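> the following block contains a protein sequence and its predicted model.
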Amino acid sequence: MNIGLVLSGGGVRGVAHIGAIKALEEAGIYPTHIAGTSAGAIVGSLYAAGMTWQEILHFFKTIPIFRTSKFALNKPGIIDTEKLTNEFHVCFKGDDFSSLKKALFVAATNVETGKLKIFSSGELIKPVLASASFPGVFTPVKIKNSYYIDGGVLNNFPTEPLIPHCESIIGVYVNPLTSVKIKDLKHSFSVLDRAYKIMAASGSLAKFSDCDFVVSPKGLGRYGTFNMKSMDAIFSLGYNSTKEALENNVSKVEAIIS
């Protein structure tokens, strides 16, 4: 059976995806096809390359995203996304989708045309970086003759490329939309983060029905998109929420692993 795994965007909350992978493997579920956006594209690409959940977690904890050497000069953003390329080269046998051990689909947004692009062949690292290029923080990524930003702008839960290939699809959604008070939006970035969550949720929830079941960890809403200090807590939420979802969907799990 081909098993699809769709991983949403969500910034550092994407570390919950790693906990979910650990729980799925403990249950005997090994996805064959992965679709991801933003942080989900990063986790998905590393998993598709054959890295263990321990290795992926270590990568997230050690990648030097916010060092001054990564700052953008004369580009629209704070971090120059393409300066992160070398960090990813050590994770892949080749900079090509064909080098992966699992099928991978990566969503990114063409910032010039406003259209969604699903990458699944050819050059690998730039599409993954583009998918995670949060607008205003990371610079757009040039791929061939076009520029791309975060796939979550148009599709934060890309189930579509998995449907033709997979008999079962499991979703992990880490960009929850919970109610807030205006007093909680104290800074301009907190408003931007809130707007991004609203935008991402609008189209994602309707696609939960494409999945056999969806893991959406409760409590993630209290962690900001770039809260780098809470990775262990976020990982645990992803792991425990997936264990609970597996226990609540025993018949579906048995059908998947049978």
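Arrived safely.
> so, low pLDDT: which residues of the chain?
Residue ranges of the chain with pLDDT under 70: 64-69, 179, 189, 200.
> hmm, who's touching stretch 237-252?
15-20, 22-24, 26-27, 168, 172, 174, 212-220, 253 (Cβ atoms under 8 Å, 6 or more residues apart in numbering). Every residue, glycine included, has its C-beta placed from N, CA and C.
> which members of the residues you listed are classed as buried?
15-20, 22-24, 27, 168, 172, 174, 212-217, 220, 253 (16 or more other Cβ atoms under 10 Å).
> quick one, helices of the stretch 51-200 of the chain?
Assigned by DSSP state H, counting those that start in this stretch, the stretch 51-200 of the chain shows helices spanning 53-62, 85-89, 125-131, 188-204.
> so which of those helices comes closest to D95?
Closest approach to D95 among the helices of the stretch 51-200 of the chain (Cβ to Cβ): helix 125-131, 5.2 Å.
> in that closest one, what's buried?
I125, K126, P127, V128, L129, A130, S131.
> and the third one, how close does it get to P135?
Yep, that's P127 we're talking about. As judged by Cβ to Cβ, to the nearest Å, P127 and P135 stand 17 Å apart.
> what of the second one?
Using Cβ to Cβ, one gets 17 Å for the distance from K126 to P135.
> likewise for N227?
18 Å.
> same question for N145.
Distance of N145 to P135, computed by Cβ to Cβ: 20 Å.
> out of those two, which sits in the busier spot?
Neighbour tally, N145 and P135, criterion other Cβ atoms under 10 Å: the higher count belongs to P135, 17 against 6.
> any idea how far N248 is from G94?
The gap separating N248 from G94 is 40 Å, by Cβ to Cβ.
> what is the burial count for the nearest residue to S190 once chain neighbours are set aside?
Setting aside the residues directly before and after it, S190 is nearest to D184 in space (Cβ to Cβ, 6 or more residues apart in numbering), at 7.2 Å. As a burial measure, D184 scores 9 neighbours (other Cβ under 10 Å).
> ok, D184 to S133 distance?
Counting by Cβ to Cβ - D184 and S133 are separated by 26 Å.
> including distance to I118, could the buried residues of helix 125-131 go into CSV?
Listed next are the buried residues of helix 125-131 as CSV, based on distance: Cβ to Cβ, whole Å:
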residue, distance to I118
I125, 16
K126, 14
P127, 9
V128, 13
L129, 16
A130, 12
S131, 10
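> for L100, state which of those is nearest.
Comparing the buried residues of helix 125-131 against L100 with Cβ to Cβ places V128 closest, at 10.9 Å.
> hang on, that closest one packs against S45?
Yes - here V128 lies in contact with S45, judged by Cβ atoms under 8 Å, at a distance of 4.8 Å.
> need the residues touching each of those two.
Contact criterion Cβ under 8 Å, 6+ apart; residues shared by V128 and S45: V106.
> buried stuff in the longest strand belonging to the chain?
For the chain, the longest strand by residue count, based on DSSP state E, is strand 103-110. Judged by neighbour count using 16+ other Cβ under 10 Å, the buried positions of strand 103-110 are A103, L104, F105, V106, A107, A108, T109, N110.
> nearest to A201, of those residues?
A201 lies nearest to A107 out of those, by Cβ to Cβ, at 15.6 Å.
> and the contacts of stretch 219-229?
10-13, 16, 65-66, 134, 137, 174-178, 190, 193, 196, 230, 233-234, 237.
> endpoints of it, how far apart?
Across stretch 219-229, the terminal residues are separated by 16 Å (Cα to Cα, to the nearest Å).
> which of the residues in it are buried?
Neighbour-count burial for stretch 219-229 flags L220, Y223, T225 (criterion: 16+ other Cβ under 10 Å).
> closest one to F157 out of the residues you listed, please.
L220 (14.6 Å).
> appreciated, that's everything.
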